[in-house]
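Asker: Any chance you can model this:
(4 chains)
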Number of protein chains: 2
Amino acid sequence: MAKSTKRDGYHHGDLRAGLVEATRALVEEKGPDRFSVSDACRVAGVSTAAPYRHFRDKEEMLRAVALEGMLRNRDGFAAASEIHPLGSLDAIAAMGMAYIAFAQAEPGVFRLMFGLTREHDKDPELMEQGRANYGILLQHMAARMGKEEVDDDVAKRAFPLWTFVHGLSFLLIDDKVSAMELDLDIAQVVRANTRRLLAD
Amino acid sequence: MAKSTKRDGYHHGDLRAGLVEATRALVEEKGPDRFSVSDACRVAGVSTAAPYRHFRDKEEMLRAVALEGMLRNRDGFAAASEIHPLGSLDAIAAMGMAYIAFAQAEPGVFRLMFGLTREHDKDPELMEQGRANYGILLQHMAARMGKEEVDDDVAKRAFPLWTFVHGLSFLLIDDKVSAMELDLDIAQVVRANTRRLLAD
DNA sequence: TACATATGTGAGAAACTCTAACATCGTCAA
DNA sequence: TTGACGATGTTAGAGTTTCTCACATATGTA
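Answerer: Residues are numbered from 1 along each chain as shown, chains lettered A, B, ... in the order given. Down below sits the predicted model:
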């Protein structure tokens, strides 16, 4: 039965994948700061020394989850961008909603994908994936501005859109929206302000 | 010489304040996730059991720093809002810049003020301060819209402005701006997009 | 088959959070 | 003035955690 996450004897089968999944689940359940390697080991059913055959340290386990999240996020992002015309307000707003939906569905992983530790910036793979995601938005923006190629102007007009949905995502998962007693229709907020940010 | 942070004998003088300051410095130096109570004790020059006379746990120490940051942030925020006419683009953009400047000056504390843990939401004092800060923006927005009182419409028009500078703050401190090879004049970005978000 | 390599285990060192019992200091009522 | 008490510090230590080291077991290849 090929490789599986199920234990089969002395060896695990695919412990790396098993640990990444356990880590993802625990990060989501308890929050990134309450995650422990030992917990992941308990879930995966291995000793606490086992992970160190596959990851340099705890940090690297979390980075693996962040990277996997970035890839998964890209799917939703790309899908949203493709159901509307290139460069349309509909397409751009849909991408924003996909970004926010991911943050709300997996706040733990989302937090991991950004911020949590400065070492993430040094991870070239993670950075590359982030750039690829942003690239999709850039394509739409270039089309909208009637340009063949993505240039600095395009990048500078696209950036505020990212900024906006990024900030909204954090305010939502940190519960600031309800704390301020705001009763918002998120889709409406995204669409209206995307339109404003695109205006000129 | 009244209360001081300096050690004077068996007792410390004002250990609570000393620990908050040590915690703030360490959070800024190493990041919130690398902070340890023991480190703070070493800096303050007390035993590792001492903090528990003043704080329930590590979490509460960090919350104290977040609250103190929120108060300090408010000073800059209020100051920025007062040097320009009530409700003017200048005033609102200046407040945005103050917000971002704080994040860049104290990224560790800024991260603490939002997110890091969900327990923060339950801290009524912290929530109250956050609301007070947001209230300053609401005043300007109400004036701009020619209203006497802050109502739902005002809150809904102000919210995107917060969202925008909040997102920009995080992208800056997480180094995403340089990672995407964007060379931005932040003041320019804030002003241009604040104007767009206010338009209609 | 036999050897090299990959992947798991158990034991333990070092650090950390937090508690419990005890020590010291300041203060206020008698 | 004094002495009891509450506030605030210390020492010792239990329990958890990260990570390393030596050793065990599985897998693949000559």
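Asker: any idea how far residue A:39 is from residue A:188?
Answerer: Look at residue A:39 and residue A:188: by Cβ to Cβ, to the nearest Å, they are 40 Å apart. Placement of C-beta: from N, CA and C, glycine included.
Asker: Could you check which of the two has the larger neighbour count?
Answerer: residue A:39 (17 against 10; other Cβ atoms under 10 Å in any protein chain shown).
Asker: got a list of contacts for the helix or strand hosting that one?
Answerer: Using DSSP states H and E, residue A:39 falls within helix A:37-44. Contacts of helix A:37-44 with the rest of the structure, by Cβ atoms under 8 Å, 6 or more residues apart in numbering or on different chains, involve A:12, A:15, A:18-19, A:22-23, A:25-26, A:30, A:47-48, A:50-51, A:58, A:61.
Asker: most surrounded residue in those residues?
Answerer: residue A:23 (29 neighbours).
Asker: How is that one assigned, secondary-structure-wise?
Answerer: Using DSSP: H, G, I helix; E, B strand; the rest coil, the secondary structure recorded for residue A:23 is helix.
Asker: Pretty sure residue A:30 is one of the things it touches, is it not?
Answerer: No: using Cβ atoms under 8 Å, residue A:23 is not in contact with residue A:30, being 11.0 Å away.
Asker: Just flag the most distant two among the contacts of helix A:37-44.
Answerer: A:12 and A:30 (23.1 Å; Cβ to Cβ).
Asker: which strands and helices sit next to the helix ranked longest in chain A?
Answerer: Using DSSP state H to define each element, chain A has its longest helix at helix A:58-82. On a contact count with 3 or more Cβ pairs under 8 Å, 6 or more residues apart in numbering or on different chains; DSSP states H and E, helix A:58-82 meets helix A:15-30, helix A:37-44, helix A:89-105, helix A:107-113, helix A:124-144.
Asker: and of those helices, who's closest to residue A:164?
Answerer: Closest to residue A:164 of these, according to Cβ to Cβ: helix A:89-105, at 7.4 Å.
Asker: how about the CA coordinates for that closest one, as CSV?
Answerer: The C-alpha coordinates for helix A:89-105 follow below in CSV (Å, rounded to 0.1, in the frame of the first residue of the first chain):
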residue,chain,number,x,y,z
LEU,A,89,-12.5,44.5,-10.8
ASP,A,90,-14.3,41.3,-10.4
ALA,A,91,-11.1,39.3,-10.7
ILE,A,92,-9.1,41.5,-8.4
ALA,A,93,-11.8,41.6,-5.7
ALA,A,94,-12.2,37.8,-6.0
MET,A,95,-8.5,37.3,-5.4
GLY,A,96,-8.7,39.6,-2.3
MET,A,97,-11.6,37.5,-1.0
ALA,A,98,-9.6,34.3,-1.5
TYR,A,99,-6.7,35.8,0.4
ILE,A,100,-9.0,36.7,3.3
ALA,A,101,-10.9,33.4,3.2
PHE,A,102,-7.6,31.6,3.6
ALA,A,103,-6.7,33.7,6.6
GLN,A,104,-10.0,33.1,8.2
ALA,A,105,-10.0,29.3,7.5
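Asker: how about it, does it reach chain B?
Answerer: No: if you take Cβ under 8 Å from any Cβ of the partner chain as the test, helix A:89-105 misses chain B, and the best it gets is 10.7 Å.
Asker: how about that helix: buried residues?
Answerer: A:91-103 (16 or more other Cβ atoms under 10 Å in any protein chain shown).
Asker: before we move on, the earlier item: buried set for the helix holding residue A:39?
Answerer: Under 16+ other Cβ under 10 Å, the buried positions of helix A:37-44 are A:37, A:39-41, A:44.
Asker: got the angle for that helix vs helix A:58-82?
Answerer: 70 degrees (axes from the mean of the first three to the mean of the last three Cα atoms, to 10 degrees).
Asker: Send over helix A:37-44 as CSV, restricted to the C-alpha atoms.
Answerer: Output in CSV follows, covering the C-alpha atoms of helix A:37-44 (Å, rounded to 0.1, in the frame of the first residue of the first chain):
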residue,chain,number,x,y,z
VAL,A,37,7.5,19.4,19.0
SER,A,38,6.6,16.9,21.7
ASP,A,39,2.9,17.3,20.9
ALA,A,40,3.5,16.7,17.3
CYS,A,41,5.4,13.5,18.2
ARG,A,42,2.6,12.3,20.3
VAL,A,43,0.2,12.8,17.5
ALA,A,44,2.5,11.1,15.0
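Asker: so how far is the longest helix of chain A off the chain centroid?
Answerer: 5 Å (Cα atoms, centre = their mean, to the nearest Å).
Asker: Not including adjacent chain positions, what is the nearest residue to the closest residue to chain B within chain A?
Answerer: Closest residue of chain A to chain B, Cβ to the nearest Cβ: residue A:167 (2.5 Å). In space, and not counting its chain neighbours, residue A:167 is closest to residue B:167: 2.5 Å by Cβ to Cβ, 6 or more residues apart in numbering or on different chains.
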